[in-house]
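1. sequence and predicted structure, then a few things I'm wondering about:
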Amino acid sequence: MSNALTPAPQGSTGSGLAAMVPERFANPLNQLQGLLAQPAVRRSLPMALLIGLIGAAALAWMMLASPNQKVLFAGLADADKASVTTALQAANITSKIDAATGSLTVNEDDYSRARILLAGQGLPKAAPGGYAILDNLPMGVSRAVEGERLRQARETELARSIQEIDAVAEARVHLATPEQSVFVRDSAAPSASVIVKLQPGRTLGDAQVSSIINLVASSVPGMKPEGVTIVDQMGGLLTKGANQSALGAASDERVAFQRRIEEKYRAQVVQMLTPLIGAGNFTTEVQADVDLNETQATKESYDKQGVLRVEQGQWTGNGKEGQAPGGIPGALSNTPPPASTLSAPQPTPAPAPGATPVAATPGATGPVVAAAAGAVSDALKASDQYSRAYDLGKEVSVSRTAPGTITRLSVAVLLRDPETGKPRSQLEIQQITQLVQTAVGYSQPRGDQVTVISRKFAGATALDDKQPWYEAGWLPVVARNVTALVIALLVLFLGVRPLATALLKKRDDSAAQPRAALGREIGPPDGYEGGQIPPPRSDQPVSIDALENARNYDDRIGMVRGFTRDNPARAALAVRDMIKS
């Protein structure tokens with residue numbers, strides 16, 4: 001003790017410290033081996049290894065058996081994260097918040113239930129976006145940043161408006177607004193792209209697509225409906241009519257009209273045959289040839305014989321009769337006029353009502369009368385001129401034939417033969433044919449055709465479009481559980497079982513050592529002179545040679561038990577000596 005406590009010289013302090021450090025910390029591997037060589041550590045090492053293997057198996061089970069996580073909300077506000085997490089915990093739904101992205105995730109199996117639960121409670125309330133973005137603008141921002149924030153707010157508000165449509169689950173809007181230019185030829189019109197995620201089993205009609213187009217175009221100054229493009233979640237273009245010509249749009253309308261007519265006749269046939277044959281026991285197709293041409297015709301016709309409308313004319317007398325009296329009144333003036341000559345007057349067409357008389361040409365020698373003054377004898381006329389206008393009969397006919405006239409109708413019906421029993425008779429098929437003809441309005445002059453046949457249908461497996469087994473939803477869960485079970489079994493048989501076997505063997509070896517020491521402490525029996533001795537009897541003392549010459553291990557154990565029973569004091573002394581050694 002004095003040597004250990006004696007201080008070292010000052011000059012040797014550094015060398016002594018340097019010598020002590022390598023002894024303690026220079027070779028950690030030797031120290032670890034020495035630690036593992038200790039009896040207590042060696043005895044507890046298999047148990048520690050067994051516990052470690054069991055913990056590793058449990059960790060692998062937890063990692064593999066846990067379901068996949070699905071993002072419930074991404075970019076959620078902190079206030080909404082607290083309320084949403086509380087609501088999910090109240091409904092026993094496990095949720096996690098990703099520290100890197102801040103997304104709220106739940107188990108894939110609980111995703112739909114969590115969305116329905118939160119939607120019923122009106123969560124999340126403070127959804128990001130909208131014109132609230134403009135309230136957070138700092139002072140002194142550039143015009144470009146302000147324009148981008150305004151565009152982002154407008155896109156968010158338009159997306160919210162589109163999501164109000166029942167068939168739309170989610171929507172995103174991208175606006176492309178070019179910079180305004182002072183030159184007219186350099187100015188570009190703004191455009192927009194809309195991505196909609198529809199509800200399962202829902203579609204958008206043409207009227208709804210047009211409504212979305214006009215909504216977006218009306219919300220951005222200078223945007224035309226032709227600049228809006230709408231795409232669904234499957235990548236299908238919904239704004240097909242925007243880039244089509246008028247002829248293409250008219251063709252689509254005609255095809256849609258023909259499909260509506262065919263669907264109408266198909267529904268009539270199905271409604272007629274379902275109560276008689278049963279649903280699924282027949283199939284039908286209808287082909288309708290529809291005249292989709294619109295015809296307009298205009299017709300004008302005139303009568304050959306006209307009706308006099310206006311007559312205008314003039315005539316000049318010949319001076320033989322009808323001269324005005326003249327001269328000095330006297331005897332001659334009272335003389336009677338000469339005898340007149342009678343002649344048959346020529347018929348003259350009467351003028352139309354309201355005809356205006358035309359005065360005679362100046363310088364004419366005879367009197368001029370209007371056509372309305374009556375007929376004048378041709379004998380008194382030297383010349384005449386007339387202008388007559390006649391009204392001709394006119395008929396105007398306008399006819400317009402609306403499209404949609406069915407020119408020919410073809411109907412095909414396929415019946416399923418009964419699985420058991422004889423097939424359908426020809427009389428039954430004829431009756432069904434008459435029913436179909438009556439349902440669709442069969443017309444033989446029009447050239448309609450109705451065909452009904454009966455055959456056996458193919459198997460249900462050939463017609464049903466079932467989901468492949470490797471795409472089923474239960475397969476990932478079973479694969480995770482089976483993998484975790486296999487890992488646990490491997491750990492059990494390759495790790496736990498060998499360790500347990502080693503522990504049992506070590507315990508047997510440790511129990512055999514005291515027995516051997518006990519045998520060496522026991523002396524030979526009295527009267528033994530050497531040589532091979534037979535197995536001792538129960539009343540015969542046990543010696544070392546007897547233990548070594550025993551036939552098997554069980555005989556040795558029996559000898560030791562008998563010795564300890566007969567000589568307990570000597571057995572205790574032997575055990576004490578073994579403990580000391």
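-> The structure has been received and is ready for your questions.
2. ok, then the element right after the strand or helix carrying A58?
-> According to DSSP states H and E, A58 maps onto helix 39-65. Downstream of helix 39-65, the first helix or strand assigned by DSSP H and E is strand 69-73.
3. how about that next one: buried residues?
-> Neighbour-count burial for strand 69-73, counted by 16 or more other Cβ atoms under 10 Å, picks out 69, 72-73. All C-beta spots, glycine's among them, are computed from the backbone N, C-alpha and C.
4. excluding its backbone neighbours, what's nearest Q89?
-> Excluding the flanking residues, the one nearest Q89 by Cβ to Cβ, 6 or more residues apart in numbering is S95, at 7.5 Å.
5. pLDDT wise, what is the one you found at?
-> On the pLDDT scale, S95 is placed at 88.
6. how about D554?
-> So D554 comes in at 78 (pLDDT).
7. and the gap between it and G227?
-> Distance, D554 to G227, by Cβ to Cβ, to the nearest Å: 100 Å.
8. can you check L308 too?
-> From L308 to G227 the distance is 67 Å (Cβ to Cβ).
9. between the two, who's got more neighbours?
-> Neighbour comparison, L308 and G227: the larger count goes to G227, with 19 against 14 (by other Cβ atoms under 10 Å).
10. okay, and the beta partners of the spatially closest residue to the more buried one that is not a sequence neighbour?
-> Leaving out its chain neighbours, the residue that sits closest to G227 by Cβ to Cβ, 6+ apart is S191, at 3.9 Å. Under DSSP bridges, the beta-bridge partners of S191 are A176.
11. just checking, S191 touches G222?
-> No: the criterion here is Cβ atoms under 8 Å, and S191 misses it with G222 at 10.3 Å.
12. quick one: which of these two has more around it?
-> Remark: of S191 and G222, S191 carries more neighbours, 19 against 13, as counted by other Cβ under 10 Å.
13. measure that one to A288 for me?
-> For S191 relative to A288 (Cβ to Cβ), the value is 41 Å.
14. cool, and V486?
-> 62 Å.
15. where do the strands sit along the stretch 251-400 of the chain?
-> For the stretch 251-400 of the chain, strands defined by DSSP state E, counting those that start in this stretch occupy the ranges 282-291, 295-302, 307-317, 381-391, 394-401.
16. could you dump those to a markdown table with mean pLDDT?
-> Below are those laid out as a markdown table (pLDDT from 0 to 100):
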| stretch | mean pLDDT |
| --- | --- |
| strand 282-291 | 91 |
| strand 295-302 | 76 |
| strand 307-317 | 77 |
| strand 381-391 | 77 |
| strand 394-401 | 76 |
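17. still on that earlier bit, which residues are in contact with the residue nearest to G227?
-> S191 makes contacts with 175-176, 223, 227-229, as judged by Cβ atoms under 8 Å, 6 or more residues apart in numbering.
18. give me the below-cutoff pLDDT ranges for the stretch 101-250 of the chain.
-> 125-136, 184, 241-250 (pLDDT under 70).
19. hmm, try it at 80
-> 101-102, 122, 124-141, 180-187, 240-250 (pLDDT under 80).
20. give me the number of residues near S83?
-> Other residues near S83 come to 18 when the count uses other Cβ under 10 Å.
21. pLDDT averaged over the helix or strand where it lies, what's the number?
-> Taking DSSP H and E as the criterion, S83 maps to helix 78-90. Helix 78-90 shows a mean pLDDT of 85.
22. elements contacting the helix or strand just after it?
-> The element immediately downstream of helix 78-90 (helix or strand, assigned by DSSP H and E) is strand 95-97. Helices and strands touching strand 95-97, by 3 or more Cβ pairs under 8 Å, 6 or more residues apart in numbering; DSSP states H and E, are helix 78-90, strand 104-107.
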